[in-house]
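Asker: would you be able to build a 3D model of this:
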Amino acid sequence: MAKRKREAASERDTAEFKEKAVKKAKASSKLAKKAQPPTAFKLAAGSPLTIQIVAGSYDRVLHGITATIQPPSTGDLGRKKPSKDDAARNPQQVEFADTFLFNAHNSAIRCLALSPPSAPLPGQSQKVILATGSTDERINLYNLSAHPPSSRTAEGQKLLSSLAPRPILENPKNRELGTLLHHEGNITRLVFPNRAKLLSSAEDSTVAVTRVRDWTLLHAFKCPVPKPQNRPTGGDTAVGGRGPSGVNDFAVHPSNKIMISVSKGERCMRLWNLETGKKSRVLNFDRQILTEVGEGKWSTGEARRIVWGSSKDGEEEFAVGFERDVVIYGMDCVPKCKALGHTRTKVHEVKYVEIDQGKEESVLAVATEDGRVVFVSTAKEDLVAPPPPAAAKAGDDGHDKKKNAPTVPTAKPRGQLGGREAGVTGRIKDFVVLPVEDEDDGKRSFFVVTAGSDGRIRVWHFSAAELGTDAAGTKTEAEPKQVGRLLGAYETQNRITCLGAFIMIPRPAGAEESEYEFESEESEDSDSDDE
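Answerer: Sure, this is the predicted structure:
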């Protein structure tokens, strides 16, 4: 009798969770879409493009690299047809230069985040805030210039570059801000939902909200510590004699009103109200879904990654990444599809990529253990229905086969970057997708920066048409077609764990271009940034 009551209460909680999630999302999604700025950088024909790349590593080293991409001699980057031999024929198409390189933490760097650039002001330069988190329980903060170094600065560093094995292009605008000590555990995730706030999670089972203006801790969401359930302890799972605990990841809705978090040792996700600072509901993962994504009876069943996004026509959803697959949920919190299907490879990072802003069409990008970034479509018309359960043999009742048969459709693969065909076999730990649009014809393309444990940072390029609905089909479900081309690679000689990148903004007219640009710019972080 008690068991029936618990099951009934769980069903009521799940129904209330779904109803509240749908109401909050619908009420705020319209406002979020109205306030959404253009997502692509306007690329002028014949102009070079500079990307600031920041990478953290197991070896405590923080790398700052600029990748200057020169336009090809024939045609536009977005119009040029991709080819396997493009990188060999154009070795100088992307030029890398070191901007900073130092030991930022006392132990491995686990995550980093880049804020949106500061508001443009007449005669002043813009800047981006960099936050890095480590297993030393610290969050370090830095100011990065949003513009390439001035011509005078670059001219003064020619002698230094000639003496070094690789070009050096230090930016005197980059400087350290300080350190945050809000957590008592390894930092697991950092996010700037906007310029005014920094959210951070750690293995102390908290998600902290920090105000950027004065770096004040506004609130800490406390997630419960799960009880040990006969699982292994020690090593990577937990401290000896204790169960695993800590927040793995969290995702903030574009409206900045609700948040979902997933934690270690828990087969559920939690919904939080960012306006009240309280927990709303808990949604347990269905046992059948966990089985289909490779989380067996003795697996932890915990989610590693979670991200908000949309599929087509602005239909909102969120993706939950497990160890070997990704499950996409609709706003009713019902599983919609799986990302990888029968492919069983470890998942490291999950992100949404908007391929058409006008049509509000996006695809899901998944970085895998076998060196690929796989792009899949989660739109309803692109879902592949699961195969029917196998017929029972004579003498068998067929009950177990029907019970274990797949119940969730699989997303349609649109293409992939990397993999064995492209000569990439090591894991891709993190990646960044940077959209650009041609000023002449408005065609959208993407620069993708990938990094992994092999220490190489690679820059790729592909057009949005290669992932569109009119693109050629895939080879097989497990092997999507190759898209894009490799522009260049940079060897860091360190095991990369996290990555961030942004397209540098041209220096505004009238901004100072002095050789030493250390003057204070605290006025740029005024109360106008607070939202």
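Asker: wait, what's in contact with the nearest residue to Gly301 once chain neighbours are set aside?
Answerer: Leaving aside its chain neighbours, Gly301 sits nearest to Arg267 (3.9 Å; criterion: CB to CB, 6 or more residues apart in numbering). For every residue, glycine as well, the C-beta is placed using N, CA and C. Residues in contact with Arg267 (CB atoms under 8 Å, 6 or more residues apart in numbering) are Asn284, Phe285, Leu290, Thr300, Gly301, Glu302.
Asker: can you flag the buried ones in those?
Answerer: Using 16 or more other CB atoms under 10 Å as the burial test, the contacts of Arg267 include Phe285, Leu290, Thr300, Gly301, Glu302 as buried.
Asker: show me which pair in the contacts of Arg267 is furthest apart.
Answerer: Asn284 and Thr300 (14.0 Å; CB to CB).
Asker: how about the strands of the stretch 401-531 of the chain, start to end?
Answerer: Assigned by DSSP state E, counting those that start in this stretch, the strands in the stretch 401-531 of the chain fall at 412-418, 428-438, 444-452, 456-463, 485-491, 496-503.
Asker: for the last one, which strands pair with it and how are they oriented?
Answerer: If you go by DSSP bridges, strand 496-503 pairs up with strand 49-57 (antiparallel).
Asker: likewise for the fourth one?
Answerer: The strands beside strand 456-463 in its sheet (DSSP bridges) come out as strand 444-452 (antiparallel), strand 485-491 (antiparallel).
Asker: helix or strand next in line after the helix or strand of the chain with the lowest mean pLDDT, which one?
Answerer: One helix or strand of the chain scores below all others by mean pLDDT, DSSP states H and E: helix 86-89, with a mean of 46. Using DSSP states H and E, the helix or strand that follows helix 86-89 towards the C-terminus is strand 94-103.
Asker: I figured Met331 hits Glu317, correct?
Answerer: Yes: assessed by CB atoms under 8 Å, Met331 is found in contact with Glu317 at 6.7 Å.
Asker: any idea how far the residue lying closest to Pro48 once chain neighbours are set aside lies from Gln93?
Answerer: Leaving out its chain neighbours, the residue that sits closest to Pro48 by CB to CB, 6+ apart is Gln70, at 5.2 Å. Separation of Gln70 from Gln93 (CB to CB, to the nearest Å): 6 Å.
Asker: ok, those two, which is more surrounded?
Answerer: Here Gln70 and Gln93 are set side by side on neighbour count (other CB atoms under 10 Å), and the busier one is Gln93, at 21 against 16.
Asker: can you tell me how far the more buried one sits from Phe502?
Answerer: Taken as CB to CB, the span from Gln93 to Phe502 is 20 Å.
Asker: for Arg189, same thing?
Answerer: Going from Arg189 to Phe502 by CB to CB gives 19 Å.
Asker: same question for Leu190.
Answerer: In this view, Leu190 and Phe502 are 15 Å apart by CB to CB.
Asker: same question for Gly455.
Answerer: 22 Å.
Asker: same check, this time on Val433
Answerer: Note on Val433: its distance to Phe502, by CB to CB, is 12 Å.
Asker: Val94 contacts Leu487, doesn't it?
Answerer: Yes: using CB under 8 Å, Val94 makes contact with Leu487 at a distance of 4.5 Å.
Asker: buried residues of stretch 167-187, list them for me.
Answerer: Going by neighbour count (16+ other CB under 10 Å), the buried part of stretch 167-187 is 167-171, 173-174, 180, 182-183, 185-187.
Asker: which of those fall in strands?
Answerer: Counting by DSSP state E, the part of the buried residues of stretch 167-187 found in strands is Leu180, Ile187.
Asker: can I get the buried residues of stretch 167-187 in JSON lines with pLDDT and distance to Ser145?
Answerer: Shown next, in JSON lines, are these (pLDDT from 0 to 100; distance: CB to CB, whole Å):
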{"residue": "Pro167", "pLDDT": "75", "distance to Ser145": "18"}
{"residue": "Ile168", "pLDDT": "78", "distance to Ser145": "16"}
{"residue": "Leu169", "pLDDT": "79", "distance to Ser145": "11"}
{"residue": "Glu170", "pLDDT": "82", "distance to Ser145": "11"}
{"residue": "Asn171", "pLDDT": "81", "distance to Ser145": "5"}
{"residue": "Lys173", "pLDDT": "82", "distance to Ser145": "3"}
{"residue": "Asn174", "pLDDT": "91", "distance to Ser145": "6"}
{"residue": "Leu180", "pLDDT": "96", "distance to Ser145": "22"}
{"residue": "His182", "pLDDT": "92", "distance to Ser145": "26"}
{"residue": "His183", "pLDDT": "95", "distance to Ser145": "28"}
{"residue": "Gly185", "pLDDT": "93", "distance to Ser145": "32"}
{"residue": "Asn186", "pLDDT": "95", "distance to Ser145": "30"}
{"residue": "Ile187", "pLDDT": "97", "distance to Ser145": "25"}
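Asker: next, give me the two most distant ones among the buried residues of stretch 167-187.
Answerer: Spatially, the most separated pair among the buried residues of stretch 167-187 is Pro167 and Gly185, at 38.9 Å (CB to CB).
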